[in-house]
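[1] Okay, structure incoming, though there's no sequence with it:
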């Protein structure tokens with residue numbers, strides 16, 4: 001049986017994945033009148049750069065001998081994954097902002113873009129996974145898992161899934177929701193950095209965004225592979241999120257000052 005508390009925490013994480021982006025969208029639209037098109041572009045960039053391009057590409061590479069050999073070194077593969085995530089996502093942001101958001105290059109719309117980007121990431125990457133976990137948990141507890149799921153999976157796979165859902169500490173199912181809150185802040189910060197690069201013609205900030213993306217992702221992969229308590233990894237993500245939040249808040253004044261300088265020229 002899957003622990004009732006595990007199911008409760010899955011539901012909390014599921015709600016965070018879908019309601020947090022909606023709540024941020026409503027709040028910033030009412031307070032700052034952010035561009036809904038910028039939110040949509042943020043979502044599109046994630047879906048194209050990650051779901052449509054990078055993830056399928058990594059799946060193909062995963063079958064290559066050189067890639068499998070590289071994957072045996074956690075430090076190299078972690079850096080590779082971190083850098084490719086940064087390259088695909090940040091360059092995607094840059095292209096869209098430069099060519100499709102020329103009239104919406106403001107601090108508030110950097111936030112809007114980040115809400116769309118981080119929001120769809122939360123829904124697709126974590127939300128749908130947790131939804132599947134919930135469905136299978138209810139099946140396990142109602143006694144229909146073996147007949148409806150296990151019978152259609154390769155031998156041993158269903159047992160691994162069942163074991164994971166039953167044996168994982170309940171609190172760990174809350175980690176995904178906590179991480180999405182933190183990651184949303186980070187994605188907003190990356191969006192503001194890239195928007196700064198585009199608006200003020202400072203392409204070096206695109207490089208900064210790519211490298212910072214790698215700095216966030218690479219240690220997380222390494223720490224995860226070390227078998228540490230999941231909450232220690234979340235502590236690192238939280239530190240990155242705190243730095244991101246500070247940057248976004250301070251960036252508001254930086255944007256305003258730069259815009260005044262441009263207007264005075």
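    Great, that's in hand. Note that the structure is a prediction, hence the values are computed from the model and not measured.
[2] Show me the helices in the stretch 1-150 of the chain, by range?
    4-32, 36-46, 55-61, 65-71, 74-100, 107-121, 128-142, 145-148 (DSSP state H, counting those that start in this stretch).
[3] looking at those helices, which is buried most?
    Comparing these by mean neighbour count (mean count of other Cβ atoms under 10 Å), helix 107-121 ranks first with a mean of 27. (Glycine included, C-beta is placed from N, CA and C.)
[4] Outside of the helix-or-strand element of the chain with minimal mean pLDDT itself, list whatever touches it.
    Taking mean pLDDT, DSSP states H and E as the measure, the chain has helix 145-148 as its least confident helix or strand, at a mean of 82. Helix 145-148 is contacted from outside by 136, 139, 158, 162, using Cβ atoms under 8 Å, 6 or more residues apart in numbering.
[5] For the last one, which non-adjacent residue is closest in space?
    Which is residue 162. Among residues not flanking residue 162 along the chain, residue 140 sits closest, at 6.0 Å (Cβ to Cβ, 6 or more residues apart in numbering).
[6] go on, the second one?
    Sequence neighbours aside, residue 145 is the residue nearest to residue 139 in space, at 4.2 Å (criterion: Cβ to Cβ, 6+ apart).
[7] Distance check, that neighbour against residue 173.
    Separation of residue 145 from residue 173 (Cβ to Cβ, to the nearest Å): 18 Å.
[8] And residue 74, by the same measure?
    25 Å.
[9] same check, this time on residue 165
    Counting by Cβ to Cβ, the gap from residue 165 to residue 173 is 9 Å.
[10] Compare the two (neighbour count), which wins?
    Applying other Cβ atoms under 10 Å to residue 165 and residue 173 shows that residue 173 carries more neighbours, namely 27 against 23.
[11] Retrieve the pLDDT associated with the residue nearest to that one when sequence neighbours are not counted.
    In this structure, residue 173 finds its nearest non-sequential neighbour in residue 9, 4.0 Å apart by Cβ to Cβ, 6+ apart. On the pLDDT scale, residue 9 is placed at 97.
[12] Isn't residue 9 up against residue 169?
    No - using Cβ atoms under 8 Å, residue 9 makes no contact with residue 169, being 9.7 Å away.
[13] buried sites along the biggest helix by length in the chain?
    For the chain, the helix that runs over the most residues, judged by DSSP state H, is helix 230-264. Buried residues in helix 230-264, counted by 16 or more other Cβ atoms under 10 Å: 230, 233-234, 237-238, 240-241, 244, 247-248, 251-252, 255, 258.
[14] okay, the angle between that helix and helix 107-121?
    Inter-element angle recorded for helix 230-264 and helix 107-121: 150 degrees (by axes from the mean of the first three to the mean of the last three Cα atoms, to 10 degrees).
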